[in-house]
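> The sequence isn't on hand, but the structure is:
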Ligand code: XMP
């Protein structure tokens with residue numbers, strides 16, 4: 001399989017670059033620049049390299065630099081933004097910084113006749129975001145594009161197959177960006193388009209059928225997209241040697257536990273153990289109001305429940321985890337402030353002895369996981385399921401968690417979801433749910449006074465959940481949802497809509 005290396009210099013679009021390459025059906029891998037040497041690159045057999053952008057200036061001492069031996073490996077390179085400047089700097093060119101020549105946003109670029117720009121008009125719109133630029137391309141390079149402010153918006157040394165662009169071809173605002181990446185991957189690097197999801201399923205099934213033959217394999221199934229796809233994939237490979245454990249912590253949405261059990265246990269015939277642990281979790285959460293404490297308790301209790309089940313099952317050889325590619329990339333990064341401690345099954349290998357851990361989806365982006373799920377015949381509603389936090393409704397019931405409050409929230413959330421679906425808006429918002437605030441207020445019904453909880457509705461539009469906009473849902477949908485919630489649910493007297501973006505708020509309330 002042909003591979004492209006995306007060498008990461010800290011740019012915010014590095015994942016996007018890899019996804020764009022993969023959408024051309026060529027496998028792309030992101031590696032931090034300081035975690036791979038030129039020899040390592042050579043050994044890995046990459047057909048091409050892309051240097052990402054980055055926030056630095058090449059003349060800053062602390063900015064990321066790289067061994068210039070990479071330019072002489074004979075592997076084609078495309079430098080983007082900082083990557084372009086770095087390539088120029090490494091090859092002996094001159095970079096300059098001028099406030100009045102910085103460009104940000106959509107910019108007209110004039111391109112020369114060059115393989116990188118094949119199929120493009122000579123004038124098009126690109127996305128710029130820079131202050132520094134290449135003033136003088138290095139020896140052996142020629143300028144192949146310019147803008148009104150930037151004399152060298154792209155350069156190349158065709159004999160060494162080195163290319164650099166000051167703009168960002170990976171973002172959709174660069175109108176012909178997709179074509180430029182296509183040209184680099186196929187015309188310059190000569191890649192074959194052989195990264196296809198059907199091949200992925202077939203290859204993975206074959207591989208695990210052999211490598212896991214005769215082994216007892218355990219998987220923690222949450223009903224989320226990643227663990228579901230991992231479960232069905234492995235079931236296809238090893239059948240009943242796979243045991244899935246589904247811990248129902250009592251903090252799931254309405255009817256969700258039954259749905260998971262029916263889909264995986266009955267429909268797919270997977271060997272599934274459902275553990276109803278609601279009382280255990282609610283007991284531990286009694287009186288707890290602090291969000292981080294709730295999360296920690298749930299994470300730990302989850303491991304304890306799982307441990308109990310594993311003990312009963314006896315020795316298992318392999319643990320399967322639903323890790324996906326963005327998790328792999330993120331775990332390779334430096335420390336960032338803990339905003340919320342996300343709960344997953346990462347702690348399991350520490351408390352239960354396994355000979356081996358298998359992560360069948362570790363090379364896939366989320367959209368590729370979904371495509372794999374579709375290939376495997378997993379129902380659409382599950383494959384396109386919106387994200388649901390590990391601690392479940394515990395982080396959507398503000399304040400102390402009780403059975404009564406969970407019940408109110410489940411009903412309100414179900415009504416909201418029904419109304420969104422009824423209005424055909426499911427694909428217009430990326431995540432939507434109800435929250436039960438701890439605030440009670442006075443209302444009136446008939447002629448009587450009521451005193452009940454306030455429910456909040458939250459819907460967000462986002463690409464990556466790192467930042468998010470609140471979704472502009474139609475008033476009619478909000479109105480109907482509010483009226484149904486207050487009429488149908490005794491105990492909720494008021495409904496509000498959350499109009500905060502992330503940042504400063506987060507998607508979940510806790
Ligand atoms: P926040 O609230 O951090 O949420 O803006 C971003 C996305 O992550 C989901 N989320 C979680 N997912 N375990 C998860 O697996 C968690 O503990 C968790 N907390 C938040 C949230 O639903 C949103 O999609």
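Arrived safely, thanks for sending. Just so it is clear, the model here is predicted, and its values are computed rather than measured. Numbers count the residues shown, from 1 in each chain.
> which residue sits closest to the residue of the stretch 101-250 of the chain found nearest the ligand, ignoring its sequence neighbours?
Residue of the stretch 101-250 of the chain nearest the ligand, by C-beta to the nearest ligand atom: residue 224 (7.1 Å). Yep, even glycine has a C-beta here, placed from its N, CA and C like the rest. Of all residues not flanking residue 224 in the chain, residue 388 sits nearest, at 6.2 Å (C-beta to C-beta, 6 or more residues apart in numbering).
> Does that neighbour lie in a helix or a strand, and which?
Using DSSP states H and E, residue 388 falls within no helix or strand.
> who touches the residue of the chain most remote from its centre in this structure?
Residue farthest from the centre of the chain, counting by C-alpha atoms, centre = their mean, is residue 447 at 50.3 Å. Under the criterion of C-beta atoms under 8 Å, 6 or more residues apart in numbering, residue 447 has no neighbours.
> now do residue 190
Counting by C-beta under 8 Å, 6+ apart, residue 190 has contacts residue 47.
> Can you get me a residue count around residue 206?
Counted by other C-beta atoms under 10 Å, the residues lying close to residue 206 total 11.
> would you say it is within a helix?
Yes - assessed by DSSP: H, G, I helix; E, B strand; the rest coil, residue 206 belongs to a helix.
> Find the nearest non-adjacent residue to it, please.
Nearest non-adjacent residue to residue 206, counting by C-beta to C-beta, 6+ apart: residue 237, 7.9 Å away.
> Same check on residue 398?
Nearest non-adjacent residue to residue 398, counting by C-beta to C-beta, 6+ apart: residue 438, 4.4 Å away.
> Wasn't that neighbour part of a strand?
Yes - counting by three-state DSSP, residue 438 is found in a strand.
> where's it relative to residue 45, distance?
Going from residue 438 to residue 45 by C-beta to C-beta, to the nearest Å gives 57 Å.
> show me where pLDDT drops low in the stretch 301-450 of the chain?
Residue ranges of the stretch 301-450 of the chain with pLDDT under 70: 330-347, 349.
> Would you map the strands across it?
318-320, 356-358, 431-445, 448-461 (DSSP state E, counting those that start in this stretch).
> For the last one, buried residues please.
Along strand 448-461, these residues count as buried under the neighbour rule (16 or more other C-beta atoms under 10 Å): 450, 452, 453, 454, 455, 456, 457, 458, 459, 460.
> The longest one too?
Buried residues in strand 431-445, counting neighbours by 16+ other C-beta under 10 Å, are found at 431, 432, 433, 434, 435, 436, 437.
> export those to JSON lines and tack on distance to residue 126?
What follows is the buried residues of strand 431-445, written out as JSON lines (distance: C-beta to C-beta, whole Å):
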{"residue": "431", "distance to residue 126": "32"}
{"residue": "432", "distance to residue 126": "35"}
{"residue": "433", "distance to residue 126": "38"}
{"residue": "434", "distance to residue 126": "43"}
{"residue": "435", "distance to residue 126": "42"}
{"residue": "436", "distance to residue 126": "47"}
{"residue": "437", "distance to residue 126": "46"}
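> Those residues: which ones sit near the ligand?
Near the ligand, judged by C-beta under 6 Å from any ligand atom, the entries from these are residue 431.
> Quick one: neighbours of residue 377, just the number.
Neighbours around residue 377, by other C-beta under 10 Å: 11.
> Setting the sequence-adjacent residues aside, check what's closest to it.
residue 232 (7.7 Å).
> Residue 160 now?
Excluding the flanking residues, the one nearest residue 160 by C-beta to C-beta, 6+ apart is residue 71, at 6.7 Å.
> can you check residue 22 too?
Spatial nearest neighbour of residue 22, chain neighbours left out: residue 28 (5.4 Å); criterion: C-beta to C-beta, 6+ apart.
> Surely that neighbour is within a strand?
Yes - when three-state DSSP is applied, residue 28 is found to be in a strand.
> Now for it: which residues touch it?
Residue 28 neighbours (C-beta under 8 Å, 6+ apart): 3, 4, 5, 6, 17, 18, 19, 21, 22, 50.
> From the ligand, how far off is the closest residue to the third one other than its chain neighbours?
Think residue 5. Leaving aside its chain neighbours, residue 5 sits nearest to residue 46 (4.3 Å; criterion: C-beta to C-beta, 6+ apart). Per C-beta to the nearest ligand atom, to the nearest Å, residue 46 is found 32 Å from the ligand.
> How about the backbone phi and psi for residue 46?
phi -70, psi 140 (degrees, to the nearest 10).
> neighbours around it, how many?
If you count neighbours by other C-beta under 10 Å, residue 46 ends up with 26.
> So residue 323 is in contact with residue 359, correct?
Yes - using C-beta atoms under 8 Å, residue 323 makes contact with residue 359 at a distance of 4.4 Å.
> just to revisit the earlier point, for the strand or helix carrying the residue nearest to residue 206, which helices and strands make contact with it?
Here residue 237 sits within helix 225-238, counting by DSSP H and E. Judged by 3 or more C-beta pairs under 8 Å, 6 or more residues apart in numbering; DSSP states H and E, the packing partners of helix 225-238 are helix 197-211, strand 217-220, strand 242-248, strand 318-320, helix 366-375, helix 380-383.
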